[in-house]
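Peer 1: okay, sequence plus prediction incoming.
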Amino acid sequence: MRILYPVGEVFPSPTARSIQIMNTCAALARRGNQVFLLLGKKRGIDAARLLEYYGLLPTPGLEIEFLPILRPSGQRVWRPSWGGLFLFFCRRRLVRLLADSTGKKDTVVFVRHLKLAVNLRRKYKKLLETPLIFEAHEIFSHEKPAGSRLRTLEERAYGGVDGVVAITAHLARMIVETFSVRVPTAVVPDGTRLFTLSPLNSQTPARIVYSGQLYEWKGVDCLLQAMAEVPGARLAILGGGAGGAEQLQRKARSLGIEDRLDFLGQVPHREVVKSLREADVFVLPASGSPISRFWTSPLKLFEYMAAGRPVVASDLPSLREILRHEENALLVEPGNPRALAAAINRILADRGLAQRLAGQALADVREYTWDARAERLERFFAELLT
């Protein structure tokens with residue numbers, strides 16, 4: 001099977017989106033598919049350096065091509081459209097890849113950017129005589145009125161594709177209901193790599209780890225409040241931007257926990273495993289906002305499970321698709337720092353519980369490796385090609 005995956009962005013990037021795309025493409029190629037990943041061109045970056053950044057090995061079948069793209073910067077009055085330039089060259093490349101009519105019978109075009117999906121189908125439908133599949137990670141126009149620009153864009157995207165991949169079952173149902181989707185839909189969660197494991201720690205002070213962005217809906221503020229009730233333990237935060245870190249550091253000072261807080265900043269993804277192995281407990285304190293309640297399939301959750309450490313997470317419908325309370329994690333009321341602290345303290349005080357939760361999570365995460373994700377995608381693509 002041939003999978004054409006255009007991405008109107010510049011890689012490498014520390015974003016979860018880029019990590020997911022790179023690992024998904026590599027896994028699809030490992031399964032024997034021919035994957036063409038089309039990216040924006042960045043000076044000094046070639047395929048080898050890109051793979052090295054993400055800790056990936058060259059894989060037969062994975063071809064990475066770089067296309068011209070504009071990157072507007074500064075506060076200029078006139079800003080050219082970088083998406084327009086990429087789309088022009090992307091169209092030309094797709095035409096060449098699809099020039100052989102026999103190749104179209106086993107080829108799909110896979111995208112996860114709304115504008116790209118809309119433009120490819122609307123402007124170049126005759127050129128893309130092959131399934132166009134959109135991968136959804138959220139509903140961008142949630143709470144936007146009918147007729148709004150963003151709502152119209154999403155309606156066009158779902159009205160023009162031949163298949164939809166959603167990362168959670170709740171998101172899939174909401175897309176079908178909101179946009180009256182009539183094309184085939186598949187639920188395919190995100191994934192992770194399996195690590196070389198190390199024994200559970202028994203260090204003093206205990207180390208609590210959060211890995212991810214610092215957006216408000218991620219719930220890191222709630223985690224800081226909880227740490228005030230987890231005496232002696234240290235909290236390490238990996239990721240996030242400088243602005244978010246500064247705000248949280250002020251919060252930590254007001255709570256009197258600043259001396260027990262380590263902001264490690266953006267860590268290259270290939271180096272994240274080392275920090276994960278140093279943890280005693282992982283925390284996923286997502287809030288109850290729609291994006292976390294129904295749509296999130298966080299990479300860090302699967303990495304937590306694969307690292308062989310116990311997990312404390314918010315009790316949300318999206319996370320319950322993966323986690324089971326008292327079996328492979330402890331789930332707590334979102335936005336409740338006291339409940340979050342109690343769950344962390346319980347794990348730190350009960351090593352048997354920690355080992356049981358971590359062991360079951362490790363067993364369960366084998367269903368959510370990148371290779372397992374690629375297999376699910378491959379089955380869905382094959383259905384659309386028959």
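Peer 2: Structure received.
Peer 1: my guess is Phe302 meets Thr192, correct?
Peer 2: Yes. Judged on C-beta atoms under 8 Å, Phe302 makes contact with Thr192 at a distance of 3.6 Å. For glycine as for every other residue, the C-beta is placed from the backbone atoms N, C-alpha and C.
Peer 1: so which residues of the stretch 201-350 of the chain form strands?
Peer 2: Counting by DSSP state E, counting those that start in this stretch, the stretch 201-350 of the chain has strands at residues 207-211, 234-238, 261-265, 281-284, 311-314, 330-332.
Peer 1: mind putting these into CSV with mean pLDDT?
Peer 2: Shown next, in CSV, are those (pLDDT from 0 to 100):
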stretch, mean pLDDT
strand 207-211, 93
strand 234-238, 91
strand 261-265, 85
strand 281-284, 95
strand 311-314, 97
strand 330-332, 98
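Peer 1: let's have the ones you listed in JSON lines, adding mean neighbour count and distance to Thr152.
Peer 2: Output for those, formatted as JSON lines (neighbours: other C-beta atoms under 10 Å; distance: least, C-beta to C-beta, whole Å):
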{"stretch": "strand 207-211", "mean neighbour count": "23", "distance to Thr152": "36"}
{"stretch": "strand 234-238", "mean neighbour count": "21", "distance to Thr152": "38"}
{"stretch": "strand 261-265", "mean neighbour count": "16", "distance to Thr152": "39"}
{"stretch": "strand 281-284", "mean neighbour count": "27", "distance to Thr152": "34"}
{"stretch": "strand 311-314", "mean neighbour count": "26", "distance to Thr152": "33"}
{"stretch": "strand 330-332", "mean neighbour count": "23", "distance to Thr152": "38"}
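Peer 1: so, low pLDDT: which residues of the stretch 51-200 of the chain?
Peer 2: Within the stretch 51-200 of the chain, the ranges that satisfy pLDDT under 70 run 71-82, 100-104, 123-128, 198.
Peer 1: all helices of the stretch 51-200 of the chain, in order?
Peer 2: Here the stretch 51-200 of the chain has its helices, by DSSP state H, counting those that start in this stretch, at 82-97, 114-124, 149-160, 169-179.
Peer 1: ok, and for the second one, which residues are buried?
Peer 2: By that I understand helix 114-124. 114-121 (16 or more other C-beta atoms under 10 Å).
Peer 1: is the residue nearest to Ile45 when sequence neighbours are not counted in a helix, a strand, or coil?
Peer 2: Leaving aside its sequence neighbours, Ile45 sits nearest to Pro12 (C-beta to C-beta, 6 or more residues apart in numbering; 6.9 Å). At Pro12 the chain is in coil, as set by DSSP: H, G, I helix; E, B strand; the rest coil.
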